[in-house]
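In: please find the sequence and the predicted model below.
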Amino acid sequence: MGTRTGAAAMAPGGGRRWPLVLPFLAVVAGLLLTAAPSRADFHLMSIREVYPGAANDSYVMLQMYSPGQTNLSGHQIVVYGSNASTVVTTFTFSGGVSKGENQRTVLVADDGYAAGFPSGPEPDRTHAALNIASAGGAVCFVSIDCVSWGNFSGSLSPTPGSPASPGGVTAGKALRRSIAAGCSTLLESGDDTDNSAADFSEQEPNPRSNASTIVEKECKAPVATIDQKPANPTNSTSAAFTYHSTPPGASFECKLDAAVFAGCESGGIEYPGPLSQGTHAFQVRAKEGSETGVAAKYEWKVDTTPPVAEIKTQPPDPGPGNSAAFTYSSNEGGSTFQCSLEPAGKPDSFSPCASSGKTYPDATHPAPFADGDWVFKVRATDPAKNEGSADVFEWTVDNTLNDVTDPQTTIVAKPPNPSTSPNASFGYESNEVGSTFECSLDGGAFVGCDAAGVTYFGLENGSHSFQVRARDAVGNLDDSPAGYSWDVAVPAFEPPPILPPPLPGLPSSTIEPKRAPQTILTLQPAAVTRDRTPSFRFRSSVARSSFSCKVDRGAFRSCISPFTTKTLSFGAHTVQVRAIAGGSADPTPAKSSFRVAKPKGKPRR
C-alpha cells in the first residue's frame, strides 16, 4: 500500500503503467543473462498475506506482479506493535530467492511455522523473532507496501490507511489482500488503494512459497480507453465523452466526480450540466462476464471567469506620431492577447499581439500617425477560451513634437576650483523645456539626477570631474555632455593646543577655548525622493566623536552612522546631525532638507 518512490514510480508497483513496463521487463529479462539483476526488481512485489500466529507460526507472504522479481538482497520486512513507534522486529533479505513465474510468492516465516503448518510449503526464509500479534500491529515491505490491523495507531510510509479488522484478527485467520479490482485471479496495480480496511480481509491461511504451484489462472479483463473528451481547461459547463474497449464488445460503467459507477452506453455519454467551476474527474471501466477492467480516468478544469488585461506602459500624452509602444499583462497565466489601435471614433480593429507588448508602426499603421486623438485597446483570452473586456488608453498625437534634434546641456552652478569643501553642488539646464538629466561623477556611469540640481557629499581630497547630459521629452539625448573638473583640498584638522593651567593672578580669559568639531554629511537623499525611510552617513573632523541626530522638530538624540529615519510622511522634511567631541558639540549641525514625493499615478483609461 502507499505511493511508490524512486524506481517504483516507473514500475507497476508505483506508476504501474503496464503496457509500457511489461515490454521493457521482457528486454531486461534477456539482459539479466549477462548482467547483474536490477535492484529495482523488488518494486514489483506487494504484501499478499499476513498471519499473526499464536505459537510462533506467524508468516508474511509477498507476491510478484511480474516474473523474476525476486532480487531482494538488502531489503527489509518490518513488524510493528500497536503503534508506529514500536518496532517488534526487522528482517533483512541477505540475498534473492530463486526465479519464479508471474504471481509467484516469497514466504518469510517464524521458527514455529513448521509445527503450525505441517503440510504447508517450506518457507523461503525463516526469522525466529517475527512474532506478529493478532490484537493490532502493522507490517511493511520497506518503502513499497504497508498493511495495518486492529488497534494500530500512527503514521507509516507508505501509508497503510485505516486498519483492517478493527477488533483484531480472529484467531486462526489470516489477513489476505483482495485481488478483485481488475482481474479476479491476478494481483494487479488496481488491487492497492493505500487503505488496509479496503484491500485486506480475514480469510483462511494459505501460505505459499516461491516453489508453490501457481493456483491463479490466467485471465484478461477488458481495457477501457477514452477517445473524445473536453478540453482542459474549458469554459463549457457540459461534457461529452466517447470510449471503446479492448477487446471490443464489452459493456461499460461510468462515473463523474464523487458519484458511484453506473452502467453507460457503449458509444459514449454526455453530461449536460451545468458543471460547477473547478476540477472534475470522469472514469469509465469495461466489463466482460465476471471480469471488470481498471477504470480509465480523465480530469479537467471548468473555468468561466474572463481574464483581466491591464496596460502597464504607454506613449507620452501628448506625444509625436512617429511611434507608440505598449506593454500589458493579464491576471491569468497563459493568456493570449488582441490589440486594436485606431483614431478616436473609428471601429476597433482587434488582431493578435504578443504577450511581451505591442509597438507601432506596423503593417497596418504606417507612421507618422495623424494629429488628433488615438485609442489603443488590449484584451486577454485565458487558456479556457474566456475573453475579457478591453483595457483602454487614449492620447493625443501632436506631430510638432516630432523632434530629432539633440538637446544642449549647460552647467550653470558649480563649486570653485580649488574647493576647500568635501561637498560639491551643481546646477544645469537644457535648451529644451521638459528635459530630464543624467549625471556622472569621476567617470562613473550616467544615472538620473534631479532637474533642480545635484549635490555630492564627502568627496576625498584630489581631482574630480562631473558630467551632465539632457534627454528631451521624445528621447533625444545630448551626445556631448557638459563637463567640469576641479580639485578638492579640505584643510587638515589641527587639534587645539594643550595649555598649562593659568598662573595665579592670570585672567582666565587668556586661556584659548577648545575648538568644536565640524560635522560632514557623506550620504543623504535627493532633494525630491520617494524613499520614506531615507538613510544618512556622516563623519566628524575630530576622531572618536559621537553624534546626535534630529528629525524635523524632534529633539537631538544619540545616533551612529549610517542613520535611517522612521517612516516619514509625504512632504518636506529636515534632518540635522551634529558631532560631539571633548564635551563640545558642533554649533552648526550638518543639515539635509528634502521632500518625500507620492508615487506617480496610474495611466489614464
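Out: Perfect, thanks for sending it.
In: low pLDDT regions in the stretch 351-500 of the chain?
Out: 493-500 (pLDDT under 70).
In: hmm, 90 instead?
Out: For the stretch 351-500 of the chain, the stretches with pLDDT under 90 are 367-368, 399-405, 420, 422, 432-434, 458-459, 472-476, 490-500.
In: quick one, strands of it?
Out: 351-353, 358-360, 372-381, 391-397, 409-413, 424-430, 436-441, 447-449, 454-456, 462-471, 482-488 (DSSP state E, counting those that start in this stretch).
In: make a markdown table out of the ones you listed and add mean neighbour count.
Out: Using the backbone N, CA and C atoms, a C-beta is placed for each residue, glycine as well. Formatted as a markdown table, these follow (neighbours: other C-beta atoms under 10 Å):
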| stretch | mean neighbour count |
| --- | --- |
| strand 351-353 | 14 |
| strand 358-360 | 18 |
| strand 372-381 | 20 |
| strand 391-397 | 18 |
| strand 409-413 | 14 |
| strand 424-430 | 19 |
| strand 436-441 | 19 |
| strand 447-449 | 14 |
| strand 454-456 | 18 |
| strand 462-471 | 19 |
| strand 482-488 | 16 |
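In: wait, residue 267 sits on residue 241?
Out: No - the pair residue 267 / residue 241 is not scored as a contact, 10.1 Å apart, by C-beta atoms under 8 Å.
In: how about the strands of the stretch 351-500 of the chain in TSV, adding distance to residue 99?
Out: Output for these, formatted as TSV (distance: least, C-beta to C-beta, whole Å):
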stretch	distance to residue 99
strand 351-353	61
strand 358-360	66
strand 372-381	58
strand 391-397	68
strand 409-413	88
strand 424-430	88
strand 436-441	79
strand 447-449	75
strand 454-456	83
strand 462-471	80
strand 482-488	87
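In: nearest to residue 84, out of those strands?
Out: strand 372-381 (50.4 Å; C-beta to C-beta).
In: tell me the angle the closest one makes with strand 391-397.
Out: With axes from the mean of the first three to the mean of the last three C-alpha atoms, to 10 degrees as the basis, strand 372-381 and strand 391-397 are set at 160 degrees to each other.
In: convert the C-alpha atoms of strand 372-381 to PDB, please.
Out: What follows is strand 372-381, C-alpha atoms only, in PDB (Å, rounded to 0.1, in the frame of the first residue of the first chain):
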ATOM      1  CA  GLY A 372      -5.600  64.100 -33.200                       C
ATOM      2  CA  ASP A 373      -6.900  61.700 -30.500                       C
ATOM      3  CA  TRP A 374      -6.000  58.000 -30.800                       C
ATOM      4  CA  VAL A 375      -7.300  54.900 -28.900                       C
ATOM      5  CA  PHE A 376      -5.300  51.800 -28.000                       C
ATOM      6  CA  LYS A 377      -7.100  48.700 -26.600                       C
ATOM      7  CA  VAL A 378      -5.900  45.300 -25.400                       C
ATOM      8  CA  ARG A 379      -7.900  42.300 -24.300                       C
ATOM      9  CA  ALA A 380      -6.900  38.900 -23.000                       C
ATOM     10  CA  THR A 381      -8.200  35.400 -23.600                       C
END
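In: what packs against it?
Out: strand 309-313, strand 324-330, strand 336-343, strand 391-397 (3 or more C-beta pairs under 8 Å, 6 or more residues apart in numbering; DSSP states H and E).
In: who are the contact partners of residue 120?
Out: 113, 207 (C-beta atoms under 8 Å, 6 or more residues apart in numbering).
In: so residue 572, which state does it fall into?
Out: Three-state assignment for residue 572 (DSSP: H, G, I helix; E, B strand; the rest coil): strand.
In: which parts of the stretch 151-300 of the chain are strands?
Out: Going by DSSP E, counting those that start in this stretch, the stretch 151-300 of the chain shows strands at 174-177, 200-203, 223-228, 239-246, 251-256, 262-264, 268-271, 278-288, 291-292, 296-302.
In: wait, residue 105 touches residue 60, no?
Out: No - at 10.4 Å, residue 105 and residue 60 do not qualify as touching, with contact defined as C-beta under 8 Å.
In: so which of these two has more stuff around it?
Out: Neighbours were counted for residue 105 and for residue 60 using other C-beta atoms under 10 Å; residue 60 has more, 27 against 24.
In: ok, the more buried one to residue 197 distance?
Out: 19 Å (C-beta to C-beta, to the nearest Å).
In: what segments of the chain are helices?
Out: Secondary structure of the chain by DSSP state H: the helices cover 18-31, 113-116, 196-199.
In: lowest average confidence across those, which one?
Out: Ranked by mean pLDDT, the helices of the chain end with helix 18-31 in last place, scoring a mean of 32.
In: can I get stretch 413-423 in PDB? Just the C-alpha atoms.
Out: Extracted C-alpha coordinates of stretch 413-423, given in PDB (Å, rounded to 0.1, in the frame of the first residue of the first chain):
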ATOM      1  CA  ALA A 413      26.300  76.400 -11.000                       C
ATOM      2  CA  LYS A 414      29.500  74.600  -9.800                       C
ATOM      3  CA  PRO A 415      32.000  74.600  -6.900                       C
ATOM      4  CA  PRO A 416      35.100  76.800  -7.100                       C
ATOM      5  CA  ASN A 417      38.400  75.300  -8.200                       C
ATOM      6  CA  PRO A 418      40.100  74.500  -6.000                       C
ATOM      7  CA  SER A 419      37.500  73.900  -3.300                       C
ATOM      8  CA  THR A 420      38.100  73.600   0.400                       C
ATOM      9  CA  SER A 421      34.700  71.800   0.900                       C
ATOM     10  CA  PRO A 422      34.200  68.000   0.600                       C
ATOM     11  CA  ASN A 423      30.800  68.700  -0.800                       C
END
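In: would you turn the strands of the stretch 151-300 of the chain into TSV with mean neighbour count, distance to residue 109 and mean pLDDT?
Out: Listed next are the strands of the stretch 151-300 of the chain as TSV, based on neighbours: other C-beta atoms under 10 Å; distance: least, C-beta to C-beta, whole Å; pLDDT from 0 to 100:
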stretch	mean neighbour count	distance to residue 109	mean pLDDT
strand 174-177	24	12	94
strand 200-203	17	18	92
strand 223-228	15	37	94
strand 239-246	18	41	96
strand 251-256	18	41	96
strand 262-264	13	45	95
strand 268-271	16	50	97
strand 278-288	19	37	95
strand 291-292	20	33	83
strand 296-302	16	39	95
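In: mind checking which of the ones you listed is nearest residue 325?
Out: strand 296-302 (34.9 Å).
In: picking up where we left off before, nearest to residue 118, out of the strands of the stretch 351-500 of the chain?
Out: strand 372-381 (75.0 Å).
In: the closest one vs strand 324-330, what angle?
Out: Using the same axes, to 10 degrees, strand 372-381 lies at 30 degrees relative to strand 324-330.
In: and strand 372-381 with strand 309-313, angle?
Out: 130 degrees.
In: which residues touch strand 372-381?
Out: So strand 372-381 is contacted by 307-309, 311, 314, 324, 326, 328, 330, 332, 335-344, 346, 348, 350, 353, 358, 387-397 (C-beta under 8 Å, 6+ apart).
In: which among these end up buried?
Out: Neighbour-count burial (16 or more other C-beta atoms under 10 Å) applied to the contacts of strand 372-381 gives 307-309, 311, 314, 324, 326, 328, 330, 332, 335-341, 350, 353, 358, 387-388, 390-393, 395, 397.
In: distance-wise, check residue 317 relative to residue 337.
Out: Residue 317 is 22 Å from residue 337, by C-beta to C-beta.
In: likewise residue 92?
Out: From residue 92 to residue 337 the distance is 61 Å (C-beta to C-beta).
In: nearest residue to residue 418 other than its sequence neighbours?
Out: residue 487 (4.1 Å; C-beta to C-beta, 6 or more residues apart in numbering).
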